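Student: Requesting a structural model of the entry that follows:
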Amino acid sequence: MLLVSIYLHCLPLIFLFVTESASADPILNRDYAQFGSRIGPARDRIELIEYFSYSCLGCYHFGPDVDQWYLGAPETVDLVLMPIINSKQSESLARLYYALEALQKLLYLHYHVFSAIHNDKQRLWELDAQLKWVNEHGIDPEEFKRQLNSKWVNTRVNEAYQFAKRYPVSVTPTLIIDGTYWTTASMVESASRLAPLLDFLIDKATLKREMLMDVK
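Tutor: Here you go, the predicted model:
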């Protein structure tokens, strides 16, 4: 009876501790990190950059959760996908991404690329495999090849290279908020924590912008 009495007495405190832990704000350097200074110029709208690679299984799983959050995100936020380029293989996959965008097929085929690589074990970083795959998805292989080496795709690939040089981030998937804050899938840990964390960081970035405007 004594143990039951002690348990019942402590139960409200236990519940309070669990509730506070669950609702506590994200913690710097555990749930997210901050660059030493803002990277890149401030744009009119807050950018949420999703740094990814088609070869990254975590990106395949993480991306849909980010998409789901973005459907209800503030209108002041733009989601920008940025393919990592740190090797010939990753450049080839980045060219595939931008070529699909140029052909206006990206929205439909983006996650099909992930599936082909991770579920069907297709080597889509190789040109022959890419040509076969796009043909199977109703894209003329010759037109795809023209887009792969077009001026527009070359420009986008160069921008991705420059992005990799500016941001000291080498892990995918990584989310970068307004050039100031960043987090990774391993820091987020679970899909249920993603939306509250992004809400927190978007609010934090918005507040920082407002403070800077007040100073001016």
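
Student: switch to C-alpha atoms for all contacts and neighbour counts from now on
Tutor: Noted.

Student: Ignoring the adjacent residues along the chain, who's closest to residue 25?
Tutor: Take residue 25 and drop its neighbours on the chain: the residue closest to it by C-alpha to C-alpha, 6 or more residues apart in numbering is residue 200, 7.6 Å away.

Student: neighbouring contacts of stretch 139-146?
Tutor: 99, 100, 103, 131, 132, 134, 135 (C-alpha atoms under 8 Å, 6 or more residues apart in numbering).

Student: Most neighbours out of those, which is it?
Tutor: residue 99 (25 neighbours; other C-alpha atoms under 10 Å).

Student: May I ask which helix or strand encompasses that residue?
Tutor: helix 88-102 (DSSP states H and E).

Student: Which elements pack onto the next helix or strand after that helix?
Tutor: Going down the chain from helix 88-102, the next helix or strand is helix 106-118, by DSSP H and E. Using 3 or more C-alpha pairs under 8 Å, 6 or more residues apart in numbering; DSSP states H and E, the elements in contact with helix 106-118 are helix 57-71, helix 88-102.

Student: which of those is buried the deepest?
Tutor: Of all the helices and strands packed on helix 106-118, helix 88-102 has the most neighbours on average by mean count of other C-alpha atoms under 10 Å, namely a mean of 20.

Student: average pLDDT across that one?
Tutor: Averaged over helix 88-102, pLDDT sits at 98.

Student: returning to what we had before: let me have the helices and strands packed on helix 106-118 in CSV, extended by distance to residue 42.
Tutor: Below are these laid out as CSV (distance: least, C-alpha to C-alpha, whole Å):
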stretch, distance to residue 42
helix 57-71, 20
helix 88-102, 24
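
Student: wait, which of these is closest to residue 116?
Tutor: Distance to residue 116, taken as C-alpha to C-alpha, is lowest for helix 57-71 among the helices and strands packed on helix 106-118, at 11.0 Å.

Student: Now do that closest one: everything it contacts.
Tutor: Helix 57-71 has contacts (C-alpha under 8 Å, 6+ apart) with 52-54, 79, 111, 114, 118, 172-173, 185, 191, 194-195.

Student: C-terminal to that helix, what's the next element?
Tutor: Following helix 57-71 in sequence, per DSSP H and E, is strand 77-83.

Student: What strands flank that next one, and is each parallel or antiparallel?
Tutor: strand 46-52 (parallel) (DSSP bridges).

Student: packing partners for the longest helix seen in the chain?
Tutor: If you go by DSSP state H, the chain has its longest helix at helix 191-215. Contacts defined by 3+ C-alpha pairs under 8 Å, 6+ apart place helix 191-215 against strand 46-52, helix 57-71, strand 174-177.
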